[in-house]
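In: structure of the sequence below:
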Amino acid sequence: MLDFSRLAAGQLTLRLSPVDLAGLVQDTAEQMRPRAVRQGINLQNTIKAPFPPVEADVDRLKQVLVNLVDNALKFTLAGGRIIVALERLGQNLALKVCDTGVGIDPQELPLVTQRFYRGRQAPSSGSGLGLALWEEIIGLHGGRLEIASQPGQGTTVTILLPVR
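Out: Residues are numbered from 1 along each chain as shown. Predicted coordinates for the structure are as follows:
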């Protein structure tokens, strides 16, 4: 909530530096792996190629990534899979978190990045600020957040960040 208040007041500042996004993603996936194992979910990291750095606030990007994987874990049942991938798309790096979870109803998809919106599938905990905050943080980095989903088939959240 504090971060969102700062963001709304224009007081959220970024400490930009060159960031090895591939390394950050791999470290975060490893950090989240024990939880995935406990939940019976296969968390895969498919990053193989070296990638150029992005100019970013490493702490804010880690916050976004941890929350994206956390969301995927909340909405994916035991026996499911989460794939974290990174690829180069023109002048951007595309970070993708894909899950085989419950998915998002097409009518709700345009609403999930609105402040305080909590979908019908949302767990009882949470404020409904996550995706709205992440989208704003990614926007401050000159990037964008995209969400694709099919009910019963899962969700893919893509973060596009410009390379240096």
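In: okay, and Ile83 sits in which element?
Out: Element membership for Ile83, per DSSP states H and E: strand 81-89.
In: counting by contacts, list what that strand packs against.
Out: Under the contact criterion of 3 or more CB pairs under 8 Å, 6 or more residues apart in numbering; DSSP states H and E, strand 81-89 touches helix 21-39, strand 42-45, helix 58-75, strand 92-99. All C-beta atoms are positioned from the backbone trio N, CA, C, and that covers glycine.
In: downstream of the last one, the next helix or strand is which one?
Out: In the C-terminal direction, the helix or strand that comes right after strand 92-99 (DSSP H and E) is helix 130-140.
In: what does the helix or strand that comes right after that following helix rub up against?
Out: Per DSSP H and E, helix 130-140 leads on to strand 144-150 as the next helix or strand towards the C-terminus. Outside strand 144-150, the residues within contact range by CB atoms under 8 Å, 6 or more residues apart in numbering are 103-104, 106, 109, 112-113, 131, 134-135, 138-139, 155-160.
In: show me what the strand holding Ile83 pairs with in its sheet, parallel or antiparallel.
Out: Each strand paired with strand 81-89, and its direction, by DSSP bridges: strand 42-45 (parallel), strand 92-99 (antiparallel).
In: middle-most residue in this structure, spatially?
Out: By CA atoms, centre = their mean, the chain has its centre lying nearest to Leu68, at 3.2 Å.
In: and the residue lying closest to that one once chain neighbours are set aside, how many residues sit next to it?
Out: Spatial nearest neighbour of Leu68, chain neighbours left out: Val97 (4.6 Å); criterion: CB to CB, 6 or more residues apart in numbering. Neighbourhood size, Val97 [other CB atoms under 10 Å]: 22.
In: report the separation between Val97 and Ile82.
Out: 7 Å (CB to CB, to the nearest Å).
In: now do the shared contacts for these two.
Out: With CB under 8 Å, 6+ apart, Val97 and Ile82 have common neighbours 69, 72.
In: quick one: Pro110 from Ile159, how far?
Out: Relative to Ile159, and taking CB to CB, Pro110 is found at 18 Å.
In: give me the more crowded residue out of the two.
Out: Legend: neighbour count by other CB under 10 Å for Pro110 and Ile159, higher for Ile159 (25 against 11).
In: helix, strand or coil: sort out that one for me.
Out: strand (DSSP: H, G, I helix; E, B strand; the rest coil).
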